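1. I'll drop the sequence and a predicted model, then ask my questions.
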Amino acid sequence: MTVVNFGEMLGIDVVRSDEESATATMVADERHLNPGGTVHGGALATLVDVAMGAAVFAGGDDDERPVTIEMKVNYLEGGKPGTLRAVSTVRRRGSRFTVLEAEVLQDDRVLAFATGSFTTISR
């Protein structure tokens, strides 16, 4: 049995920019839409979560993995089929928690703004 993680199922790709930020992209298609015809909020939240986790991981140890403690997403506009980009930035990296913020963009429009807190656990 081949195991595919949730981000891969949604078609999310991660680009790590540096130790304080990361970008995740997803090409939204019909499977990502809600009944109203816009990109489902859960898909946007997952994109944000993956981008934030990648930024946490970029500054960490290979023996640790990021774990979401909490996340808040403000949905500003509906997304449509096409490329979505979540850009996350570390606001504070503490000894136990990392606080981040992120935006989801499509065609230079901000679709969502998010904040989150993460910790790391041993693999």
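-> On my side now, so go ahead. Residues are numbered from 1 along each chain as shown.
2. nearest the geometric middle of the chain, what residue?
-> residue 48 (2.2 Å; C-alpha atoms, centre = their mean).
3. what about it, distance to residue 122?
-> Per C-beta to C-beta, to the nearest Å, residue 48 is found 25 Å from residue 122. Yep, even glycine has a C-beta here, placed from its N, CA and C like the rest.
4. list the helices and strands the top strand by length along the chain packs on?
-> Ranked by number of residues, the top strand in the chain under DSSP state E is strand 109-122. Packed against strand 109-122 by the contact rule (3 or more C-beta pairs under 8 Å, 6 or more residues apart in numbering; DSSP states H and E) you find helix 41-58, strand 64-75, strand 98-106.
5. hmm, 10 Å instead?
-> helix 41-58, strand 64-75, strand 82-93, strand 98-106 (3 or more C-beta pairs under 10 Å, 6 or more residues apart in numbering; DSSP states H and E).
6. tell me the most buried of the ones you listed?
-> helix 41-58 (a mean of 24; mean count of other C-beta atoms under 10 Å).
7. what is that one packed up against?
-> helix 6-10, strand 12-18, strand 21-28, strand 64-75, strand 82-93, strand 98-106, strand 109-122.
8. who wins for proximity to residue 57 among the ones you listed?
-> strand 64-75 (5.1 Å; C-beta to C-beta).
9. which helices and strands does that closest one pack with?
-> Judged by 3+ C-beta pairs under 10 Å, 6+ apart, strand 64-75 is in contact with helix 41-58, strand 98-106, strand 109-122.
10. hmm, try it at 8 Å
-> Strand 64-75 packs on helix 41-58, strand 109-122, going by 3+ C-beta pairs under 8 Å, 6+ apart.
11. tilt between the longest one and strand 12-18?
-> I take that to be helix 41-58. 40 degrees (axes from the mean of the first three to the mean of the last three C-alpha atoms, to 10 degrees).
12. all set, thanks.
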